[in-house]
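Engineer: Could you look at this predicted model? Sequence included:
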Amino acid sequence: MAGLVDKAKEFVAEKVANMKKPEATVKNVDLKTISRECVTYKADVNVSNPYSTAIPICEISYTFKSAGRVIAEGTIPDPGSLKANGDTMLDVGVKVPHSVLVSLAKDIGADWDIDYELNIILTVDLPVIGNLNIPVNSVGEIKLPTLSSLFGSKTEL
């Protein structure tokens, strides 16, 4: 009987390993809003769901790095579901305190942008299998807003 159970476990493990899974890519990272407390960046994450049923997203966790150090991290609980047989675009808001941006002055000073690394983990709840983590990473640079872009490039007298 033990041999039969082992064969069943092996069969299920092989099927799970070879089945299609949702995939995610970061399409864009850009400035979203500026407040008194922080600057919020928006990461557009496209997730493809190969299944014929919607899949609930348990949480989205992120780590935002620049100049080799973590400048923001967080978790977004229960952000919704992935559409069945299609793509879902997620808006992941990353809040960076102003004090952290000031400490990055050396990186910002040369070209008025932030070189970043964004690591996101989407945790989805697959029926029968349970929670599945979908990692997605992006590396790039974000141009910082200039005073003229914040207050308009034309001044009226």
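Structural biologist: Yep, it's here.

Engineer: as a whole number, average confidence for stretch 23-35?
Structural biologist: Averaged over stretch 23-35, pLDDT sits at 90.

Engineer: List the buried residues in it.
Structural biologist: Residues of stretch 23-35 classed as buried by neighbour count (16 or more other Cβ atoms under 10 Å): 24, 26, 29. C-beta here means a position set from N, CA and C on the backbone, and glycine is covered the same way.

Engineer: Look up which helix or strand the residue most central in space within the chain falls in, please.
Structural biologist: Centroid-nearest residue in the chain, with Cα atoms, centre = their mean: residue 120, separated by 3.9 Å. In this structure, residue 120 is located in strand 113-126 according to DSSP states H and E.

Engineer: So what are the sheet partners of that strand and their directions?
Structural biologist: Sheet pairing for strand 113-126, assigned by DSSP bridges, gives strand 55-66 (antiparallel), strand 130-143 (antiparallel).

Engineer: can you redo the ones you listed as JSON lines with distance to residue 38 and mean neighbour count?
Structural biologist: Converted to JSON lines, the strands paired with strand 113-126 look like this (distance: least, Cβ to Cβ, whole Å; neighbours: other Cβ atoms under 10 Å):
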{"stretch": "strand 55-66", "distance to residue 38": "12", "mean neighbour count": "19"}
{"stretch": "strand 130-143", "distance to residue 38": "14", "mean neighbour count": "13"}
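
Engineer: And residue 12, what's its pLDDT?
Structural biologist: For residue 12, the predicted pLDDT is 61.

Engineer: I meant residue 127, not that one.
Structural biologist: For residue 127, the predicted pLDDT is 80.
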